[in-house]
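Enquirer: Compute the structure for the input listed below.
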Amino acid sequence: MRDPALVAENLGNVWEFAVEPTYQSPDEAWRQLSKTIEDYQVALFLGAGVSTVNRMPSWRSFIQTLGGWTSDQMEVFEKSGMSLISLCEIAKRGVGSTIWSERVRTALYGDFLQQVEQKSKDIVDLSRSDFSSRDESSRRRVSQFFRETNPVLWDVVSACGRLDKANRHRKRENIGAFLTTNIDCLPQLCDRAAHTSRMIRTVERAATELDVDKIPIYQLHGYLLPPDARTGMRGEASDGLVLTESEYLARTDGHYAWANVTLHFAAREMPIIFIGCSMTDDLIRRALLRSCRERMESYAAARPPEAAKEYKFRRHFAVMHLHADEAVNRMRNVGAGMLGVWPLWVSDFHTDLAKRIGMVMRPDSG
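Expert: Below is the predicted model of the structure:
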């Protein structure tokens, strides 16, 4: 059995970087990620930043729409110290739970549907119904839509499938899971367009069963389909939405709740690549810190205690914007290191990120 006193005594001796973790250049960081994907099964965590180019609303504008408030009213709320999740609680109580999910659906997908209408001028015959259709011509139009509007999402999702000898898609074994706190279904829509059959299986609640032939995408904060896709796609989790203050508190208080357990399991079992995440969410940070602590305790409990290599603690990755001031980047690297994360530096979140993601996730695409 472990000696708690010995573990406590040795915890401070197992880190190889005591002051500042290794600082990598952008090319070095992305090369390390490429090698990790070759050697391990990885999980991908998709944050809100992945969806913004497809007109998913900002958190502030989303709450404003849900509450039906004017900009002047929002300014008063913010000056009074009201947080956005508190305002979301007020908005939900104002409309009632029976129509809440439809209010959320409209606020979530309104601008996205406008983007589809606008792109129909460039993509001949593109329509909303294409996104829920399995027709080959519909798939081609939706593929073009995502390639042009969201190349990062397209490269990540299309990398989930590989063609077999019969020219049918099969899942890639080195991608173990997707995770997201987004409530949109953009990855699923992209998946239907990119592959001859679905490579992604939506896991929207604890009772949903896995499919060994598909890669699970865990929708940790619930899941809503767009209005025109509900007839062609199955499954939602409008009852599992985490948007209001009480819902966030319930998620945080439930240590064995589905979202907590799922993320903790993923952080322990697989390197996670965070894309479009601010890395401030307490669910994410707690899972990463717990994963680091477990590894530290394991090495400290060895007899004699073993000094762990840095890469054994820093096993996850997060896309981060490269600041002009290197001192800022180095400080952010320290913060990431304490979470067991390597920064993946990009000069911008569209062109540079799309290029690097494409090279890493789909190296055979040229």
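
Enquirer: The closest residue to residue 196 other than its chain neighbours and residue 286, how far apart?
Expert: Computed as CB to CB, 6 or more residues apart in numbering, the closest residue to residue 196 that is not its neighbour in sequence is residue 169, at 4.9 Å. Bear in mind the C-beta positions are built from the backbone N, C-alpha and C, glycine included. For residue 169, the distance to residue 286 (CB to CB, to the nearest Å) stands at 36 Å.

Enquirer: re earlier: quick check, the residue nearest to residue 196 in contact with residue 197.
Expert: Yes - under the criterion of CB atoms under 8 Å, residue 169 makes contact with residue 197 at 6.0 Å.

Enquirer: ok, residue 129 to residue 202 distance?
Expert: The spacing between residue 129 and residue 202, counted by CB to CB, is 20 Å.

Enquirer: More neighbours: those two, which one.
Expert: The residue with the greater number of neighbours, taking residue 129 and residue 202 and applying other CB atoms under 10 Å, is residue 202; the counts read 25 against 13.

Enquirer: Just to check, the more buried one is in contact with residue 235?
Expert: Yes - using CB under 8 Å as the test, residue 202 is close enough to residue 235 to be in contact (5.8 Å).

Enquirer: overlap in contacts of these two?
Expert: With CB atoms under 8 Å, 6 or more residues apart in numbering applied, the overlap between the contact sets of residue 202 and residue 235 consists of 208, 223.

Enquirer: what is the rounded mean pLDDT of stretch 330-347?
Expert: Here the mean pLDDT over stretch 330-347 is 94, rounded to a whole number.

Enquirer: start to end distance for that stretch?
Expert: 15 Å (CA to CA, to the nearest Å).

Enquirer: So which bits of stretch 259-276 are buried?
Expert: With burial defined by 16 or more other CB atoms under 10 Å, the residues of stretch 259-276 counted as buried are 259-260, 262-264, 266-267, 270-276.

Enquirer: where exactly do the strands run in the stretch 151-300 of the chain?
Expert: If you assign secondary structure with DSSP state E, counting those that start in this stretch, the strands in the stretch 151-300 of the chain sit at 161-163, 169-171, 175-180, 200-203, 215-219, 272-275.

Enquirer: tell me what the first one is packed against?
Expert: Contacts of strand 161-163 with other secondary structure elements, assessed using 3 or more CB pairs under 8 Å, 6 or more residues apart in numbering; DSSP states H and E, are made with strand 169-171.

Enquirer: residues making contact with the strand it packs on?
Expert: For strand 169-171, with CB under 8 Å, 6+ apart as the criterion, the contacting residues are 160, 161, 162, 163, 164, 195, 196, 197, 199, 213, 214, 215.

Enquirer: Can you list the strands that it pairs with?
Expert: With DSSP bridges as the criterion, the sheet partners recorded for strand 169-171 are strand 161-163 (antiparallel).

Enquirer: Buried residues in the strand it pairs with, which are they?
Expert: residue 161.

Enquirer: and residue 169 and residue 197? which has more neighbours close in?
Expert: Comparing residue 169 with residue 197 by other CB under 10 Å, the one with more neighbours is residue 169, at 18 against 14.

Enquirer: Chain neighbours aside, what residue packs nearest to the residue nearest the centre of the chain?
Expert: Against the mean C-alpha coordinate of the chain, by CA atoms, centre = their mean, the closest residue is residue 46 at 1.7 Å. In space, not counting the residues next to it along the chain, residue 46 is nearest to residue 180; the distance is 4.4 Å by CB to CB, 6+ apart.

Enquirer: what bridges to the one you found?
Expert: In this structure, residue 180 has the following beta-bridge partners (DSSP bridges): residue 46, residue 219.

Enquirer: For it, grab the count of nearby residues.
Expert: 24.

Enquirer: for this structure, which spans come out with low pLDDT?
Expert: 1-19, 229-234, 303-308, 363-366 (pLDDT under 70).

Enquirer: pull the longest helix from it.
Expert: Secondary structure assigned by DSSP state H gives helix 97-119 as the longest helix of the chain.

Enquirer: mind listing what's buried in it?
Expert: Along helix 97-119, these residues count as buried under the neighbour rule (16+ other CB under 10 Å): 100, 101, 103, 104, 105, 107, 108, 109, 112, 113, 115, 116.

Enquirer: I'd like to know which elements the next helix or strand after it is packed against.
Expert: For helix 97-119, the succeeding helix or strand toward the C-terminus, using DSSP states H and E, is helix 136-149. Packed against helix 136-149, as judged by 3+ CB pairs under 8 Å, 6+ apart, are the following elements: helix 97-119, helix 151-158, helix 186-194.
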